[in-house]
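>>> A predicted structure for the sequence below; I have some questions about it.
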Amino acid sequence: MHSDQDRAPLWLRLLAYGGIGFLFLPIAVIIIYAFNAESAGYSFPPKGFTLAWFPAAFARDDVLAAIGLSLQLALLATVLALVLGTLAAAALYRREFFGKDAITMMLILPIALPGIITGIALLSAFRLAEIPSGFWTIAVGHATFCVVVIYNNVIARFRRISYSLVEASQDLGADVFQTFRYVVLPQIATALLAGGMLAFALSFDEIIVTTFTAGNETTLPIWMLNQLTRPRDVPITNVVAMTVMLITALPILAAYYLTRGTEDIAGSGK
């Protein structure tokens, strides 16, 4: 039982509820109006309930093409981030060498900097290298900040693994690849899975960096941004926005449940 003294003061609770409402009220509006029977705008109250906008949205070729492109980019960016982030974490978590702090800072910068700075920097680099903007430039741009998610997850897990497990594997005659496959990988598996899910969610709905690197490609967030100038398509846009929220929220929830409680495990990362 908690006494009244343990409870937060009323003003603090009101601020907390207000913050939650500020964050989630716009999401609730989008969900409600995805089922609105009226086709024009956001008239209040909603004029009825309908599911007609869902088949209408997913029957459009432009919507399906944008979703398909975003899924491909998110998968590719996640794979690149998994490889690069894991290698970076393996190289940095235990060894001390000159420039280690600078490398760590450079790894974290893409997600710490405002997206517009990262986007301009990538666009300038691609133009200097005479690389045309398109699918691969978007994937590389997304991978730059997805690497941070993987790196942070994996290096945190590495730091909780007892290095004696690796030494014991080597003493028993295992080579580097066998040690990684049978000893290290099982320990970091959930960290990789959770980081991969978070990276996928970040890439799928990213728009700022994408705007600078997309060229003529239209990802789902860019499609939604373009829809703002078409008020007659508001119900379709709401349906697609709700789909984006579901696609990005589910991996984040899964990553949370996969890694919940692992911080209390000593000598093992599972």
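Looks like it came in fine. The structure displayed is predicted, hence computed values, not measured ones.

>>> what's the spacing between Cys146 and Phe180?
Cys146 sits 22 Å away from Phe180, taking C-beta to C-beta, to the nearest Å as the criterion. No exception for glycine: its C-beta is placed from N, CA and C like everyone else's.

>>> and the spatially most central residue of the chain, what element?
Geometric centre of the chain, nearest residue: Leu202, 2.2 Å, by C-alpha atoms, centre = their mean. Secondary structure assignment for Leu202, by DSSP states H and E: helix 185-204.

>>> go on, Ser169?
Element membership for Ser169 (DSSP H and E) is helix 163-171.

>>> gap between that helix and the chain center?
For helix 163-171, the gap between its own C-alpha mean and the chain's C-alpha mean amounts to 34 Å (C-alpha atoms, centre = their mean, to the nearest Å).

>>> show me what it packs onto, helices and strands only.
Contact analysis of helix 163-171 by 3 or more C-beta pairs under 8 Å, 6 or more residues apart in numbering; DSSP states H and E lists helix 176-179 as its packing neighbours.

>>> with only the CA atoms kept, save the helix it packs on in CSV.
Coordinates of each C-alpha in helix 176-179 appear next as CSV, following Å, rounded to 0.1, in the frame of the first residue of the first chain:
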residue,chain,number,x,y,z
VAL,A,176,37.4,-17.2,-34.2
PHE,A,177,34.4,-18.1,-36.3
GLN,A,178,33.4,-21.1,-34.2
THR,A,179,33.7,-19.0,-31.0
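
>>> now Gly119. Nearest residue, chain neighbours left out?
Leaving aside its chain neighbours, Gly119 sits nearest to Phe212 (3.3 Å; criterion: C-beta to C-beta, 6 or more residues apart in numbering).

>>> ok, the one you found to Glu206 distance?
11 Å.

>>> which ones are touching Asp205?
Listed by C-beta atoms under 8 Å, 6 or more residues apart in numbering, the contact partners of Asp205 are Ser70, Leu220, Pro221, Val244, Ile247, Thr248.
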